[in-house]
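In: what's the 3D shape of this:
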Amino acid sequence: MIGLLAGIAVTAVPLVLLVSVFAHSRRPRMLAAALRAHRTLPPALTGPVAAAAIAAEALAGAGGAVALLLRLDGPVRAASGAAAVLLALYALYAAYVSRTRRGVPCGCAAADTPMTGWVAGRAAGLSALAAAGALHGPPAGPTAYELTVAVTAGLAFGVLLWTLPHAMAEERRPAG
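Out: Model (predicted):
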């Protein structure tokens, strides 16, 4: 069972991080604008912090994906550990902002999703998955069937966690 969870983790986390980087590359100024709306940093730092966050996602995501494809246990664990720390920081930040600033955009992956507890929950869930990948690494010597199940489940978890905050956002429409 631990092997399956680790297989899911080392598939889902790099996938989510790389999709996030791709989305940020399509709307490069959106994260900095969201950080300005959060009012947690001096305005002059929002651009560099946004760039650093996107670079960290790219490094952890690409590092994990390449190491997984090359079946390199140590680098997969290292990338998963880095992702776990990054995502834990995101979870703490999202929890703080969602409690102190209502109606601000998340800025996550260049989406228009509002910053809510669901954003923090997604980041915490991904952080826990990444920690499992860091602790256990990819499954050792899986059969083709086990590998297929782990990859398929990892892709499903990635998609579900990716869409969670947007799916849970309540749209308020005027009565009438």
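
In: how deep is L68 tucked in, by neighbour count?
Out: By the measure other C-beta atoms under 10 Å, the count of residues near L68 is 24. No exception for glycine: its C-beta is placed from N, CA and C like everyone else's.

In: from what I can see it touches T11, true?
Out: Yes - with contacts counted by C-beta atoms under 8 Å, L68 reaches T11, the gap being 7.2 Å.

In: other SSEs contacting whichever strand or helix holds L18?
Out: Here L18, judged by DSSP states H and E, is contained in helix 2-26. Contact partners of helix 2-26 among helices and strands, from 3 or more C-beta pairs under 8 Å, 6 or more residues apart in numbering; DSSP states H and E: helix 43-69, helix 73-100, helix 117-136, helix 144-168.

In: so which of those helices is the most packed in?
Out: helix 117-136 (a mean of 22; mean count of other C-beta atoms under 10 Å).

In: In space, what's closest to T46 - neighbours in sequence excluded?
Out: Distances taken as C-beta to C-beta, 6 or more residues apart in numbering put L35 closest to T46, at 4.0 Å, once the chain neighbours are dropped.

In: Is T40 part of a helix or strand, or is it coil?
Out: Of the three states, T40 takes coil under DSSP: H, G, I helix; E, B strand; the rest coil.

In: List the contacts of it.
Out: Listed by C-beta atoms under 8 Å, 6 or more residues apart in numbering, the contact set of T40 reads 93, 96-97.
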